[in-house]
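# dropping a prediction and its sequence here:
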Number of protein chains: 2
Amino acid sequence: MLATTEIQQQNDACNFAKDTNAVRCTNCNLRELCLPQGMAQDDVLRLNGLVATRRRLKRGESLQRAGDPFRSLYAVRSGSFKTCIATEDGRDQVTGFKMSGDLIGLDGIGTNAHIIDVIALEDSEVCAIPFARLEESSREIAGLQKQFHRIMSREIVGEQGVMVLLGSMRAEERVATFLVSLSRRFRARGYSPTEFHLRMTREEIGSYLGLKLETVSRVMSRFDDMKLIQIKQKHVVILDPQGLKDVAAPATSGL
Amino acid sequence: MLATTEIQQQNDACNFAKDTNAVRCTNCNLRELCLPQGMAQDDVLRLNGLVATRRRLKRGESLQRAGDPFRSLYAVRSGSFKTCIATEDGRDQVTGFKMSGDLIGLDGIGTNAHIIDVIALEDSEVCAIPFARLEESSREIAGLQKQFHRIMSREIVGEQGVMVLLGSMRAEERVATFLVSLSRRFRARGYSPTEFHLRMTREEIGSYLGLKLETVSRVMSRFDDMKLIQIKQKHVVILDPQGLKDVAAPATSGL
DNA sequence: CGACTGCCTTGACGCGTATCAAGCATCAGC
DNA sequence: GCTGATGCTTGATACGCGTCAAGGCAGTCG
């Protein structure tokens, strides 16, 4: 399941891949998840020039830090990231997890500086998209403009979903929702939706879900007891997808 | 302080004001908060044609409902709104409060249908901006494109702030943060930052902050005891702005 | 004017999650 | 294969906020 990323990790060595020939949206297998999604063939062709460089990061390295000047968006090609926000008073919270096809850096547009820290959860690779050029191209290519707006809008809607989770769900519902969402995202990427490896720690999951790591651990153990999942450290098998969904949205199951 | 909105409420009668002559960004006193913010004079001129109609809503009326087809964004001219999300399982949560100059409807872009309910908290007025025309114009006017992207990005960043609030703050910090934020927004609009009227109920505040209405009420009473604020029903006076900020971000006060 | 209704306040109590603490599993490095 | 570091699990206890309940305040309608 994770073979592709593992293979990619073998041919690294340099941190910046300036070989722009290799960077082409047209034959990227992520084009149905990433920027080109829903765009006409000809328009995608014109995208090729947009993606300037590819960049590799090792686990723990940061793609952007709060305060960095904003120049580029990044599309995740392989691997995964966590996005964190550090408040003035020293709090640090995970606000999201990004996987292949996801766009990173939208936080920087508003103020021309990044607000959010983005850190690789494993060895990863991204395509850098200079924002000035993206804006320019999206003035010419209506399909690109539309798609970019769609992506931003979905980001907003997605965050509202997290707000509901944080504002009104109990611990079990939060963890179940998290697992269901991960499952969906793996499926969308062609991986198994029922068996996967968590790339983040319990603490990171807890931070994202507004829970302490002990609570995350306890809830997962309980799900294991209930035969909803099988969990051993970071390895997850979802045994009862529907049961998990029922826990995630309890009122529905009564209807 | 609220005189302007009250005067506007008197000359209503019809629900749709099709008198496009009256609708002009150029001489709108909200242009420093709204879409035109940061745009060149000439570009703002070209905006005038964008704003199609004005629409008046009475308290409790909804501007958009989840499921409605997406056609327009709305800029709040006067009054205020709450944005709510209703989940499949019957939960209903307030995700934000919108006041003059704020842009509503960004949730609809991603799927061409609205996800969010928007309800007037008082008699209010909005400018409708047909989205197709906004996209078209922003392909021609780089300043408009830039500003629109800025607004969306800030929306994303703002929501991340709420995520931190919901994910890591205790009740007192949440309520204090909420009051400080309201105060800032009133100041930005030329109203008193230290004395204002809450247009939303305790339940709506609680829903937004992930608390029960009783908790909101108790915390506010405690702030009153502590002489941070004076609160009587919906009327708020902030007595000690710095003290309130210290409660909102406690770790900072120790530095 | 009086009664109704929606909203707010306050108290008593209990539950769910945080906190504190100890021990175990896994993996990298030597 | 041993050792230390990091992350996970599990238990005991504490506390913040939710829940339930009763009463008060303000605006509205008959």
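Now that the structure is in, tell me what you want to look at.

# could you find the closest non-adjacent residue to the residue nearest to the spatial centre of chain A?
In chain A, the centroid-proximal residue (CA atoms, centre = their mean) is A:Lys98; its distance is 1.4 Å. Among residues not flanking A:Lys98 along the chain, A:Phe81 sits closest, at 4.4 Å (CB to CB, 6 or more residues apart in numbering or on different chains). The C-beta positions use only the backbone N, C-alpha and C, and glycine is treated the same way.

# that neighbour against A:Gly105, yeah?
No: using CB atoms under 8 Å, A:Phe81 is not in contact with A:Gly105, being 10.9 Å away.

# what touches both of those two?
Common neighbours of A:Phe81 and A:Gly105 (criterion: CB atoms under 8 Å, 6 or more residues apart in numbering or on different chains): A:Val118.

# so for these two, which residue has more residues nearby?
A:Phe81 (28 against 24; other CB atoms under 10 Å in any protein chain shown).

# please point out which parts of the longest helix along chain A sit buried.
Using DSSP state H, we find that the single longest helix of chain A is helix A:142-168. Neighbour-count burial for helix A:142-168 flags A:143-157, A:159-160, A:162-168 (criterion: 16 or more other CB atoms under 10 Å in any protein chain shown).

# contacting chain B as well, which ones from those?
For chain B, the contacts drawn from the buried residues of helix A:142-168 by CB under 8 Å from any CB of the partner chain are A:145-146, A:149-157, A:159-160, A:162-164, A:166-168.

# ok, which stretches of the stretch 51-200 of chain A are helices?
Taking DSSP state H, counting those that start in this stretch as the test, the helices found in the stretch 51-200 of chain A are A:131-140, A:142-168, A:171-188.

# okay if I get those as a markdown table plus mean pLDDT?
Below are those laid out as a markdown table (pLDDT from 0 to 100):
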| stretch | mean pLDDT |
| --- | --- |
| helix A:131-140 | 96 |
| helix A:142-168 | 96 |
| helix A:171-188 | 97 |
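
# kindly state the domain boundaries assigned to chain A.
Domain assignment for chain A by automatic domain parsing gives A:4-143, A:169-252.

# DNA strand D is nearest to which of these?
domain A:169-252 (3.1 Å; CB to the nearest atom of the strand).

# tell me the predicted confidence for A:Cys28.
Per-residue confidence (pLDDT) for A:Cys28: 88.

# that one touches A:Cys34, doesn't it?
Yes: using CB under 8 Å, A:Cys28 makes contact with A:Cys34 at a distance of 7.1 Å.

# wait, doesn't A:Leu47 sit right on A:Cys25?
Yes: counting by CB under 8 Å, A:Leu47 touches A:Cys25, with 4.5 Å between them.

# who in chain A is up against DNA strand C?
Residues of chain A lying near DNA strand C by CB under 7 Å from any atom of the strand: A:Arg170, A:Ala171, A:Glu172, A:Gly210, A:Leu211, A:Lys212, A:Glu214, A:Thr215, A:Lys232, A:Gln233.

# what do A:Leu47 and A:Cys25 both touch?
Both A:Leu47 and A:Cys25 are contacted by A:Leu35, A:Pro36, under the criterion CB under 8 Å, 6+ apart.

# mind listing what A:Trp111 touches?
One correction, residue A:111 is Thr, not Trp. With CB under 8 Å, 6+ apart, A:Thr111 has these contacts: A:Phe70, B:Ser153, B:Arg154, B:Val157.

# again, but for A:Ile151
A:Leu35, A:Leu103, A:Leu106, B:Gly110.

# ok, back up a step: can you lay out the residues of chain A next to DNA strand C as CSV showing neighbour count?
Shown next, in CSV, are the residues of chain A next to DNA strand C (neighbours: other CB atoms under 10 Å in any protein chain shown):
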residue, neighbour count
A:Arg170, 12
A:Ala171, 17
A:Glu172, 17
A:Gly210, 23
A:Leu211, 23
A:Lys212, 14
A:Glu214, 11
A:Thr215, 18
A:Lys232, 8
A:Gln233, 8
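
# tell me the least confident of these?
Ranked by pLDDT, those bottom out at A:Gln233 (89).

# phi first, then psi, for that residue.
phi 60, psi -120 (degrees, to the nearest 10).

# for A:Ser217, see how far away it is.
Note on A:Gln233: its distance to A:Ser217, by CB to CB, to the nearest Å, is 10 Å.

# all strands in the stretch 1-150 of chain A, in order from the N-terminus.
For the stretch 1-150 of chain A, the strands defined by DSSP state E, counting those that start in this stretch cover A:16-17, A:53-57, A:62-64, A:72-78, A:81-86, A:92-98, A:103-104, A:117-120, A:124-130.

# to B:Val118, which of the ones you listed lies closest?
Evaluated with CB to CB, those place strand A:92-98 nearest to B:Val118, the distance being 24.1 Å.

# need the contact partners of stretch A:128-145.
The contact list for stretch A:128-145, computed with CB under 8 Å, 6+ apart, reads A:35, A:38-40, A:43, A:46-47, A:49-55, A:70-75, A:105, A:108-109, A:148, B:135, B:138-140, B:142, B:145-146, B:149.

# contacting residues for A:Phe81?
Counting by CB under 8 Å, 6+ apart, A:Phe81 touches A:Leu63, A:Phe97, A:Lys98, A:Met99, A:Ile104, A:Val118, A:Ile119, A:Ala120, A:Leu121, A:Ser124.

# want to throw these into a markdown table with pLDDT?
Listed next are those as a markdown table, based on pLDDT from 0 to 100:
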| residue | pLDDT |
| --- | --- |
| A:Leu63 | 96 |
| A:Phe97 | 98 |
| A:Lys98 | 97 |
| A:Met99 | 96 |
| A:Ile104 | 98 |
| A:Val118 | 97 |
| A:Ile119 | 96 |
| A:Ala120 | 96 |
| A:Leu121 | 96 |
| A:Ser124 | 94 |
